[in-house]
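> Sequence below, structure please.
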Amino acid sequence: MIDEAHERSLYTDILLGVLKKIQKKRSDLKLIISSATLDAEEFQDFFNVNTSKDKSKDTCSIISLEGRMYPVDILYTIEPVNDYVEKTIQTVFDIHTKEPEGDVLVFMTGREEIDKVVNEISERATTLPHNALGIIPLPIYAGLSTEEQARIFEPTQEGFRKVIVATNIAEASITIDGVVYVIDCGFVKLRAYNPKTGMESLTVAPISKASAKQRAGRAGRVKPGKTFRLYTEQSFMELRDSSVPEIQRSNLAPVILQLKALGIDNVLRFNFLTPPPVEMMIRSLELLYSLNALDNVGRLTIPLGVQLAEFPVDPLLGKVLLASAEFHCSEEILSIAAMLTVQPNRVPKDVLTDERRKFWVEEGDHMSLLNIYNAFTTRGKLSGKWCHEHYFNFKTLSRAVSIRGQLKKYLARFNIPLESCLQRHGTTATGRIEATRQIRRCITSGYFSQAAKADIDGSGRFRTIRDNVVLNVHPSSVLFSRNAKYVVFHEVVETNQAYMRDVTVIEPEWLSELAPHFYEYKNIGVDNKG
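The predicted structure follows:
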């Protein structure tokens with residue numbers, strides 16, 4: 001049984017294709033595909049092998065079960081909204097002061113917006129009359145502790161109204177009792193891959209009609225409700241009917257690795273529910289070839305390609321982990337990889353203190369993440385108090401420790417020795433410089449395709465070396481407003497500009513040395529071969 005199929009996640013679509021392939025061999029295999037909102041005909045067409053017009057021979061049928069829903073009033077704005085974050089906060093207080101009792105569910109795009117809305121509601125709630133209902137704003141997103149997440153499910157205290165501020169996870173994945181009002185900002189944060197640049201970025205995009213209807217439906221679970229859409233009715237009519245499936249907007253390198261590990265070598269002929277663009281497939285194949293994960297005929301290399309397919313991380317980060325043996329820095333790379341996986345909370349500028357800055361180093365974010373991890377596990381002694389003093393989330397760093405342990409088991413299975421180059425080179429200034437250099441070279445060996453060079457005009461902008469894409473250093477980065485010349489980066493985040501996040505300083509000659517098939521080094525710098 002496959003649930004929530006309407007979300008069209010990357011691996012749900014892959015699983016559907018694999019199951020269809022299995023059904024050709026296993027005619028007795030029964031599949032149930034379920035969802036609250038589903039384009040059932042598309043799934044029926046995919047699995048139905050009946051080619052005749054005789055419906056009685058269909059091998060796939062649709063069963064509809066009507067759920068109990070109360071009526072929901074839909075309210076739109078008269079004019080387009082310039083600042084949906086501020087409009088959200090205003091709408092929360094309009095509901096709180098004018099509408100009967102009932103909890104509010106707010107949809108925002110991500111953690112930073114959610115935290116801002118929660119903090120603003122808390123501050124402005126102090127101005128409410130003493131006899132007014134109390135207001136309890138609660139966030140919900142990945143990265144919160146179990147205790148923090150559990151609070152949204154607790155019954156609302158008498159005399160209070162809960163305001164749950166969530167990402168699109170609350171559309172279907174979780175159900176919160178007591179919600180009567182929904183505020184829909186009309187946007188969602190999506191990961192999108194550009195095959196022309198070979199870069200994947202997080203970007204804010206309009207939701208689909210299907211998502212808007214799903215969000216509105218959360219208001220009618222317990223009694224008649226209201227949904228406040230922070231966009232015009234005309235804007236709703238112009239939305240896509242459904243969201244673009246993840247497989248059509250993602251880096252397919254991890255998927256290709258998994259399919260080839262399953263013995264499906266001809267991925268271009270794999271039966272996808274919705275085929276991805278050919279250029280995406282080609283770019284992902286090129287990336288895997290440049291990582292030496294595929295050989296000249298497109299098969300997984302042994303052992304590198306097979307090991308990358310096993311790693312539960314992005315192929316670029318997997319390559320860094322596997323290369324750590326060559327650079328004698330597996331202990332440090334394990335810690336950095338774990339920290340990249342959990343993404344420690346970004347601290348607002350107004351609370352960024354010298355206590356937090358002392359973890360920063362001029363080489364960039366990866367080494368700074370290593371310093372944070374080491375401090376947490378040694379001086380911090382895995383302490384919640386230490387985390388509070390330094391503006392870190394205790395649960396997030398504890399999860400990094402757990403993930404590091406899991407990755408460590410993979411390295412042990414691959415017979416990669418655990419070595420610390422910081423210990424190997426000693427504690428002298430010269431030794432630390434050399435150890436840091438080796439760690440950065442190891443990072444470059446995996447992220448060479450995500451390298452950028454500073455513009456010579458001193459603007460602080462960078463351009464990717466291979467495709468000349470303009471990028472900026474994220475304001476949360478150690479290297480923001482620094483004069484780095486060449487860098488590699490972990491990911492790109494798009495807001496009003498495209499920002500590199502988790503950035504490390506490199507030397508340009510490392511690119512031609514570690515990826516000669518991808519770059520060549522000349523006196524004027526690093527250029528694309530082709």
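
> neighbouring contacts of the one helix or strand Ser445 maps to?
Taking DSSP states H and E as the criterion, Ser445 maps to helix 429-447. Applying Cβ atoms under 8 Å, 6 or more residues apart in numbering, the contact partners of helix 429-447 are 291, 316-321, 323-324, 326-329, 332-333, 336, 361, 363-364, 366-367, 370, 421-422, 424-426, 451, 488-490, 504-506, 510-511, 514-515. For glycine as for every other residue, the C-beta is placed from the backbone atoms N, C-alpha and C.

> name the helices or strands packed onto the strand or helix carrying Glu509?
Taking DSSP H and E as the definition, one finds Glu509 inside helix 508-514. The criterion is 3 or more Cβ pairs under 8 Å, 6 or more residues apart in numbering; DSSP states H and E, and the helices and strands that helix 508-514 contacts are helix 429-447, strand 519-522, strand 525-528.

> Show me the shaky parts of this protein.
Low-confidence segments of the chain (pLDDT under 70): 36-38, 143, 145, 173, 343-356, 520-530.

> Tell me the residue in it that is farthest from the middle.
Distance from the C-alpha centroid of the chain, by Cα atoms, centre = their mean, peaks at Asp54 (45.0 Å).

> Assign a three-state SS to Val106, would you?
Classification of Val106 using DSSP: H, G, I helix; E, B strand; the rest coil returns strand.

> what are the bridge partners for it, then?
Note on Val106: beta-bridge partners by DSSP bridges are Val165, Ile183.

> need the contact list for it.
88, 92, 117, 163-166, 182-183, 185.

> try 7 Å this time
By Cβ atoms under 7 Å, 6 or more residues apart in numbering, Val106 lies in contact with 88, 92, 117, 163-166, 183.

> Out of these, the closest to Arg357 would be?
Proximity of the contacts of Val106 to Arg357 (Cβ to Cβ) peaks at Val117, which lies at 27.3 Å.

> got the buried residues for the helix or strand the closest one falls within?
Following DSSP H and E, one finds Val117 within helix 111-125. If you call a residue buried by 16 or more other Cβ atoms under 10 Å, then helix 111-125 has these buried ones: 111-118, 120-121, 124-125.

> Over to stretch 469-485?
469, 471-474, 476-479, 484.

> What of stretch 77-88?
Within stretch 77-88, the residues scored as buried using 16+ other Cβ under 10 Å are 77, 81, 84-85, 87-88.

> what's the farthest-apart pair in those?
Greatest spatial distance among the buried residues of stretch 77-88 (Cβ to Cβ): Thr77 and Val85, at 14.3 Å.

> Now which of the contacts of helix 429-447 would you call buried?
Neighbour counting by 16+ other Cβ under 10 Å classes 291, 316-321, 323-324, 327-329, 332-333, 336, 361, 363-364, 366-367, 370, 421-422, 425, 451, 488-490, 504-506, 510-511, 514-515 among the contacts of helix 429-447 as buried.

> Inside strands: which ones of those residues?
Residues of the buried ones among the contacts of helix 429-447 located in strands (DSSP state E): 451, 488-490, 504-505.

> what would the residues you listed look like in a markdown table with distance to Met199?
Converted to a markdown table, these look like this (distance: Cβ to Cβ, whole Å):
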| residue | distance to Met199 |
| --- | --- |
| Ala451 | 11 |
| Val488 | 12 |
| Phe489 | 9 |
| His490 | 11 |
| Thr504 | 17 |
| Val505 | 20 |
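
> Now the two most distant members of these.
Farthest apart among these by Cβ to Cβ are His490 and Val505. That separation is 13.7 Å.

> show me what contacts Tyr503?
Not Tyr; residue 503 is Val. Neighbour list for Val503: 364-365, 473, 477, 479, 487, 489 [criterion: Cβ under 7 Å, 6+ apart].

> Distance of the most centrally placed residue in the chain relative to Leu202?
The centroid of the chain falls nearest to Arg191 when counting by Cα atoms, centre = their mean (6.6 Å). Relative to Leu202, Arg191 is positioned 6 Å away (Cβ to Cβ, to the nearest Å).

> What of Val361?
Per Cβ to Cβ, Val361 is found 26 Å from Leu202.

> contact partners of the helix or strand Asn374 falls within?
Assigned by DSSP H and E, Asn374 belongs to helix 365-377. Identification of contacts with helix 365-377 by Cβ under 7 Å, 6+ apart yields 332, 335-336, 339-340, 344, 359-361, 382, 397, 400-401, 436, 439, 443, 477-478, 502-504.

> buried residues in the next helix or strand after that helix?
Per DSSP H and E, helix 365-377 leads on to helix 384-389 as the next helix or strand towards the C-terminus. Using 16+ other Cβ under 10 Å as the test for burial, helix 384-389 gives 386-387.

> okay if I get the contacts of Val106 as TSV plus distance to Met1?
Shown next, in TSV, are the contacts of Val106 (distance: Cβ to Cβ, whole Å):
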residue	distance to Met1
Thr88	37
Val92	38
Val117	36
Val163	35
Ile164	29
Val165	32
Ala166	26
Ile183	33
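
> for those residues, which one is nearest Gly405?
Ala166 (30.2 Å).

> contacting residues around that closest one?
Applying Cβ under 7 Å, 6+ apart to Ala166 gives the contacts 105-107, 140-141.

> Would you reformat those residues as CSV and include distance to Ser243?
Shown next, in CSV, are those (distance: Cβ to Cβ, whole Å):
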residue, distance to Ser243
Leu105, 19
Val106, 20
Phe107, 14
Ile140, 20
Tyr141, 19
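
> Closest to Gln258 out of those?
Using Cβ to Cβ, Tyr141 is the member of these that sits closest to Gln258, with 26.9 Å.

> how near is the closest one to Glu112?
Tyr141 is 10 Å from Glu112, by Cβ to Cβ.

> again with Phe394
In terms of Cβ to Cβ, Phe394 sits 20 Å off from Glu112.

> Please name the residues that touch the closest residue to Asp39 other than its chain neighbours.
In this structure, Asp39 finds its nearest non-sequential neighbour in Ser242, 6.6 Å apart by Cβ to Cβ, 6 or more residues apart in numbering. Neighbour list for Ser242: 39, 208, 210 [criterion: Cβ under 7 Å, 6+ apart].

> hey, where'd the strands end up in the stretch 101-250 of the chain?
Assigned by DSSP state E, counting those that start in this stretch, the stretch 101-250 of the chain shows strands spanning 103-107, 134-140, 160-166, 179-184, 187-194, 199-206, 225-229.

> Restricting to C-alpha, output the second one in PDB.
Extracted in PDB, the C-alpha atoms of strand 134-140 (Å, rounded to 0.1, in the frame of the first residue of the first chain):
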ATOM      1  CA  GLY A 134      -5.000  34.500  25.400                       C
ATOM      2  CA  ILE A 135      -3.000  33.600  22.200                       C
ATOM      3  CA  ILE A 136      -0.500  30.800  22.000                       C
ATOM      4  CA  PRO A 137       1.600  30.900  18.800                       C
ATOM      5  CA  LEU A 138       3.400  27.600  18.100                       C
ATOM      6  CA  PRO A 139       5.800  26.700  15.200                       C
ATOM      7  CA  ILE A 140       6.000  23.400  13.400                       C
END
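
> Thr12: which of the contacts of Ser242 is nearest?
Once Cβ to Cβ is applied, the member of the contacts of Ser242 that ends up nearest Thr12 is Asp39, at 13.6 Å.
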